[in-house]
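**Q** sequence-free structure coming up:
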């Protein structure tokens, strides 16, 4: 059986014909239809109002209380004098080593993401991927912290392990939902992100074992129960030491946590998550 994630002739966010079209026709802002900035479908005004996340917990990506006024860049890993991990994650460390979100799930993301996810608006997907790459690129030049609570680097015989290269792994859809939708939105974010950040992509390692009900219909407790045991690593396939899960939206984290637990049980040393948007209460 084929292990290809998107079957048949799927539409692609970064196909060669689409890239050629971007070069021939000037971009237009997907939000207000004004002329876009060079290389993206976003105008200067809407780019300035883009809902970037800012300083957030490194384990769950929720904004840290009291730091918004400090105007700390989202990419800053160790802002002086400020906590890196929220109280909830210190009390109950999640299975993900780090979580980074490119933006908050607020306007216009609450329109662009559904257009991409449910209506095959690949122009929206292209813009979202561009903004993700812009947010995550600085992370690749930063050294991992060794003394931050809840973020210890694994050690063997007292010697820190050299940081392995991160490998992007998109959260997969179940086969039935993939047939209905026609493409996997996480893969369509991960593929151009891999190309822009020059990171390896492994799109057939993580598999979804069960066709679970839509998470949007469930509360937090039901979401966790719904996804228990839903993922596994493909038997016989080498497992990267450092995996970065890619997904479109993080709400409660149930999907990413379930995938991370499966990967850690399979032997992954470190599992992070990069998402396009983080949902916050209120």
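**A** In hand now; what should we look at? Just so it is clear, the model here is predicted, and its values are computed rather than measured.
**Q** Now do the contacts for residue 276.
**A** With contact taken as CB atoms under 8 Å, 6 or more residues apart in numbering, residue 276 is in contact with 101-103, 109, 113, 128, 131-132, 189, 247-249. For the C-beta atoms, the positions are set from N, CA and C on the backbone; glycine is no exception.
**Q** and it, what helix or strand is that in?
**A** Element membership of residue 276 [criterion: DSSP states H and E] is strand 270-278.
**Q** same check, this time on residue 188
**A** For residue 188, the host element (DSSP H and E) is helix 185-197.
**Q** hmm, back to that, which neighbours in the sheet does the strand holding residue 276 have, and how are they oriented?
**A** strand 99-104 (parallel), strand 242-250 (parallel) (DSSP bridges).
**Q** can I get those in CSV with distance to residue 272?
**A** As requested, the strands paired with strand 270-278 are arranged in CSV below (distance: least, CB to CB, whole Å):
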stretch, distance to residue 272
strand 99-104, 7
strand 242-250, 5
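**Q** Just put these in a markdown table and tack on mean neighbour count, mean pLDDT and distance to residue 182.
**A** Output for these, formatted as a markdown table (neighbours: other CB atoms under 10 Å; pLDDT from 0 to 100; distance: least, CB to CB, whole Å):
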| stretch | mean neighbour count | mean pLDDT | distance to residue 182 |
| --- | --- | --- | --- |
| strand 99-104 | 24 | 97 | 25 |
| strand 242-250 | 24 | 97 | 16 |
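**Q** Nearest to residue 137 among those would be which one?
**A** Closest of the strands paired with strand 270-278 to residue 137 is strand 99-104, at 10.7 Å (criterion: CB to CB).
**Q** for whichever helix or strand comes after that closest one, which positions count as buried?
**A** Downstream of strand 99-104, the first helix or strand assigned by DSSP H and E is helix 109-119. Under the neighbour-count criterion of 16 or more other CB atoms under 10 Å, helix 109-119 has 109, 112-113, 115-117 buried.
**Q** Give me the lowest-pLDDT entry from these.
**A** Within the set of the buried residues of helix 109-119, pLDDT is lowest for residue 117 (90).
**Q** Residue 50 is in contact with residue 106, correct?
**A** No - counting by CB atoms under 8 Å, residue 50 is not a contact partner of residue 106; they are 9.7 Å apart.
**Q** ok, those two, which is more surrounded?
**A** Shown here are residue 106 and residue 50; by other CB atoms under 10 Å, residue 50 has more neighbours (18 against 13).
**Q** would you say the more buried one is within a helix?
**A** No - with DSSP: H, G, I helix; E, B strand; the rest coil as the criterion, residue 50 is located in coil rather than a helix.
**Q** Might you report the residue contacts of the residue nearest to it when sequence neighbours are not counted?
**A** Nearest non-adjacent residue to residue 50, counting by CB to CB, 6 or more residues apart in numbering: residue 103, 6.4 Å away. When contacts are counted by CB under 8 Å, 6+ apart, residue 103 is found next to 50-53, 109, 131, 135, 276-278.
**Q** Low-confidence bits of the stretch 151-282 of the chain, can you list those?
**A** Residues of the stretch 151-282 of the chain meeting the criterion pLDDT under 70: 151-162, 212-226, 282.
**Q** mind redoing it with 90?
**A** For the stretch 151-282 of the chain, the stretches with pLDDT under 90 are 151-164, 174-183, 209-230, 281-282.
**Q** just the strands in it please.
**A** Along the stretch 151-282 of the chain, counting by DSSP state E, counting those that start in this stretch, strands occupy 155-156, 159-160, 167-170, 206-208, 231-233, 242-250, 270-278.
**Q** Output the ones you listed as JSON lines; include the columns distance to residue 41.
**A** Output for these, formatted as JSON lines (distance: least, CB to CB, whole Å):
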{"stretch": "strand 155-156", "distance to residue 41": "46"}
{"stretch": "strand 159-160", "distance to residue 41": "43"}
{"stretch": "strand 167-170", "distance to residue 41": "22"}
{"stretch": "strand 206-208", "distance to residue 41": "30"}
{"stretch": "strand 231-233", "distance to residue 41": "33"}
{"stretch": "strand 242-250", "distance to residue 41": "17"}
{"stretch": "strand 270-278", "distance to residue 41": "15"}
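**Q** Nearest to residue 87, out of those strands?
**A** strand 270-278 (17.5 Å).
**Q** so how many other residues sit close to residue 271?
**A** Here the number of neighbours of residue 271 (other CB under 10 Å) works out to 24.
**Q** Please tell me how far it sits from residue 114.
**A** As judged by CB to CB, to the nearest Å, residue 271 and residue 114 stand 27 Å apart.
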